[in-house]
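J.: Take a look and give me a structure for this.
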Amino acid sequence: MTDKDTKPKKAPKRAEKAATDKFIKVTLIRSLIGYPRVQWETAKGLGLRKLHSHAVLKETPETLGMVRKIIHVLKVETVEKP
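T.: So this is what the prediction gives:
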């Protein structure tokens, strides 16, 4: 037997990370009419199409940056799981 066979295997890091994932629910509460096209595209990228539509997203730096860009037209809530 080699040393390799006797070592216990470690759990994958993805399993640990999945348990600590945080989610946010974003809702479009104001119209984007009159705002720059970049902000329309940001809402579209978040999955928001019409007024009062919502999306549950993973809380990542990319998502939070998009939310911050159009926070004036959103309602943001923290949720446990989607």
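J.: Break down this protein into its strands, ranges please.
T.: In the chain, the strands defined using DSSP state E lie at 23-28, 54-58, 74-79.
J.: Tell me which of the ones you listed sits most buried.
T.: Per-stretch averages of neighbours, counted by mean count of other C-beta atoms under 10 Å, single out strand 23-28 among these, with a mean of 18. Bear in mind the C-beta positions are built from the backbone N, C-alpha and C, glycine included.
J.: Point out the other helices and strands that it packs with.
T.: Applying 3 or more C-beta pairs under 8 Å, 6 or more residues apart in numbering; DSSP states H and E, one finds that strand 23-28 contacts strand 54-58, helix 61-69, strand 74-79.
J.: Now with 7 Å, please.
T.: Counting contacts by 3 or more C-beta pairs under 7 Å, 6 or more residues apart in numbering; DSSP states H and E, strand 23-28 packs against strand 54-58, strand 74-79.
J.: quick one: contacts for the spatially closest residue to Leu51 that is not a sequence neighbour?
T.: With sequence-adjacent residues excluded and distances taken as C-beta to C-beta, 6 or more residues apart in numbering, Leu51 is closest to Leu28, at 5.8 Å. Listed by C-beta atoms under 7 Å, 6 or more residues apart in numbering, the contact set of Leu28 reads 43, 48, 51-53, 73-74.
J.: Thanks a lot, catch you later.
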